[in-house]
Structures are given as C-alpha cells and as structure tokens.
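[1] coords please:
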Amino acid sequence: MQSIGIVSTGIYLPETFETSEDIAKKSGLPNEVVKNKLGILKKPIPGEHDHTCEMGIMAARDAIKKGGIDPSTIDLVIYIGEEHKEYPLWTAAIKLQQEVGAINAWAFDVAMRCGTTVMALKVAKDMMKSDKSLQTVLLAGGYRNGDFIDYQNPRTRFMFNLGAGGGAILLKRGHSQNQLLESHIMTDGSFSEDVVVVAGGTKHPISSQALEENLNKLDVLDPEGMKQRLEEKSMKNFLHVIRKSLEKSGYTEKDINYLGILHMKKSAHDYVLKELGLSQNQSIYLSEYGHIGQIDQILSIQLAEETGKLKKGDIVVLVSAGIGYAWGATTIKWG
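    Here you go, the predicted model:
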C-alpha cells in the first residue's frame, strides 16, 4: 500500500490571553501554584469572533495554504473539534468543508474529547487504506471548552488550563514525507460519568435553576473515586498506548526522537518523559498555551518543526488522554 503522509499542519490561536495572575485571581489559588504546579504561564481564550468551528476553519485555511494544495481536490473532511460549537445538533464538518472550498469532499464529525485528533488520524488512515478514492483528507476543528470552567469549583482545578484555538492536519496518499504509522487507543468506561456538564442533556434539561446553580459548567461527580482510579490507571495506560503504537510501527521507546504530548501538570509531564528515557528537549511543555484539548498534539509538532526540533527520519509519537477516559498514541516517521 502507498504511504499516507502529513502534508502540512495549521494552527489558529486567539489574540486574547489569560495569564497565571488572572487565573489565580479568579480561583483564589496562589499564583505560584498556577505557574509551577498547574504549569500555566498564560493560555489563549476566545475573543468575540472566535467560535469553535470558525477557529477550525482558520486553522484549515492555514494548513491548505502551507500545503500548497487546491482545496477542491480534498476528498474527505473530518471535523476534530468538540460537541461545544456554534449550534447544538450541528455537523460542523459540513460548514468547514464549504468555507475552505472543499467542494468535492464529503464530511463528518468525530469526538473523543481530548483524544479526538489521535483517534481521527487512525480513522482517516484506515479509511484511506480501504477506499482508494480517498486521496487527500483534511482533519480540522476548534476547541473552547474553557467556557465550561467555574474557577470557584475546586473539583475542576485540573481543568483550569483549558484554553481555546483551532488545529488542522492534511493527509495525502502517496506522500512520502511525515509518514503516518500505527496507532493504539484504549478506553475505560469506569470513568465515563466522572466529569460531566450536569445540565443541558436529556437527564437534566437546562433551566433557570440549573443556571443559577452553575450546573451548566463542567464538574467532577466523584472526585475521590476518580482520583483513586486515575492514580491506579492513568500513567500506566498513558505509557502503554505509547509503547503499543511504537511496537505496531516496528519501533520501541528507545527510538523516540520527539513526543507531542498534551498539556498537563508539570510533574505528570516530567514523569512521562523520565519513564520513556527522554530529555526535556525531546518534547515541548505548553505552559504558554495551556490545554487546547485535542489541538495540543498539532500545536506541539508545529512548534517543534518551527523551532528545529524535528529532523528527517525522526520517530515522533503523538499522545493524548481524554475525559471518559480514553488514551491514544500515534507514531509518525518524520521527514
């Protein structure tokens, strides 16, 4: 089979930012805790026109321009944003397809919280392998789940890093550069209702009382239980998906040159690097961006490329974890 490669990536970041001082003031946490423990110096937050799909459109245009392709040659558009977007019950991919000029494509949305990009790369590759008519595929989407954060709720402190932005990846059959290799994904349903927005679905329809009680914000329903289960499983599963993705691709952790990892607290980031035998220079800690959900991996490899961290032949692993809980990793042979 012909290789499937990444032609280009695109990123859109709002011009407005929230600093560690802003977060400390809103939450009541010491600024040093926000900076050093949560690992946030600043993070982009949406401006007036930074709607979810719109940010994905901007990132997609960036990727298309850098890739030098005619958008009418795109065969498939996969939206990798969030359920939180301009309208409920709306297929954002179809809007994005129209706005970027992918007039001959068809389009659909996928979602697996912050694991969506890794999952969508696997879905796209598998579809391209099975359907030879799919020559060029665009993955794009936006993220602004920070809208659901209540800084007065200490149960959601680990999500105070949520930012906003858009990301895009262009894949092409027969593209010999930046070859997409194998992925590995795990999900664990024992976490499925730990982190939710209580009001707004069929169980608890939105109401004035729900709004007054902040039930339209993200919350953790069983904080102690979730903490205990995550301590038992999260880092182990995180490392497992990385190693399995590499193994399926014919490599081991000793071959990793760069790890594109989501933003999380600094101690967890450092633990993953140490367990894999990687130096700080073999990844980028996104302390000036926070956690832009599933856009983090796209941002990480784009920053790595811009700063000269990626070389021809490098083995790159993109890894993420998403509320639910899901863990996923994809291996790429760069250059």
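
[2] and the strands in the stretch 201-335 of the chain?
    Secondary structure of the stretch 201-335 of the chain (DSSP state E, counting those that start in this stretch): strands at 218-220, 256-261, 315-322, 326-333.

[3] of those, which approaches S130 most closely?
    strand 326-333 (18.0 Å; CB to CB). Quick note: C-beta positions are derived from backbone N, CA and C, even for glycine.

[4] in its sheet, which strands sit next to that closest one, and in what direction?
    strand 179-187 (antiparallel), strand 315-322 (antiparallel) (DSSP bridges).

[5] got a list of contacts for the first one?
    So that's strand 179-187. For strand 179-187, the external contacting residues (CB atoms under 8 Å, 6 or more residues apart in numbering) are 3-6, 115, 118-119, 121-122, 125, 171, 237, 240-241, 244-245, 248-250, 324-333.

[6] packing partners for the following helix or strand past that strand?
    Going down the chain from strand 179-187, the next helix or strand is strand 195-197, by DSSP states H and E. Applying 3 or more CB pairs under 8 Å, 6 or more residues apart in numbering; DSSP states H and E, we find strand 195-197 packed against strand 218-220.

[7] can you list contacts of the strand it packs on?
    145, 148-150, 153, 155-156, 159, 194-198, 226.

[8] about what we covered before: reformat the strands of the stretch 201-335 of the chain as TSV; add mean neighbour count.
    Below are the strands of the stretch 201-335 of the chain laid out as TSV (neighbours: other CB atoms under 10 Å):
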stretch	mean neighbour count
strand 218-220	20
strand 256-261	23
strand 315-322	26
strand 326-333	26
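
[9] and those: which comes nearest W106?
    Taking the strands of the stretch 201-335 of the chain one by one with CB to CB, strand 326-333 is closest: 23.4 Å.

[10] and that closest one, average pLDDT?
    Mean pLDDT, computed over strand 326-333, is 98.

[11] equivalent analysis for stretch 163-171, please.
    Per-residue scores along stretch 163-171 average to 98.

[12] okay, the residue lying closest to I315 once chain neighbours are set aside: pLDDT?
    Nearest non-adjacent residue to I315, counting by CB to CB, 6 or more residues apart in numbering: D255, 4.7 Å away. Note on D255: pLDDT of 98.

[13] D255 against V316, yeah?
    No - applying CB atoms under 8 Å as the test, D255 and V316 come out as separate, 10.4 Å apart.

[14] residue contacts, G115?
    Neighbours of G115 in contact, by CB under 8 Å, 6+ apart: I185, Q294, S320, A321, G322, G324, A326, W327, G328.

[15] next, format the strands paired with strand 326-333 as a markdown table and append distance to K85 and mean pLDDT.
    Shown next, in a markdown table, are these (distance: least, CB to CB, whole Å; pLDDT from 0 to 100):
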| stretch | distance to K85 | mean pLDDT |
| --- | --- | --- |
| strand 179-187 | 23 | 98 |
| strand 315-322 | 17 | 97 |
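
[16] in TSV, list these along with distance to H263.
    TSV is the format used below for these (distance: least, CB to CB, whole Å):
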stretch	distance to H263
strand 179-187	20
strand 315-322	10
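
[17] can you pull the buried residues of stretch 224-234?
    Within stretch 224-234, the residues that count as buried by 16 or more other CB atoms under 10 Å are M226, R229, L230, K233, S234.

[18] which pLDDT does the model give the second one?
    In this case it means R229. For R229, the model assigns a pLDDT of 89.

[19] wait, it sits on F191?
    Yes - contact criterion CB under 8 Å: R229 and F191 qualify, at 6.6 Å.

[20] angle of the helix or strand where A120 lies against strand 315-322?
    Taking DSSP H and E as the definition, A120 sits inside helix 116-130. Angle, helix 116-130 to strand 315-322, by axes from the mean of the first three to the mean of the last three CA atoms, to 10 degrees: 120 degrees.
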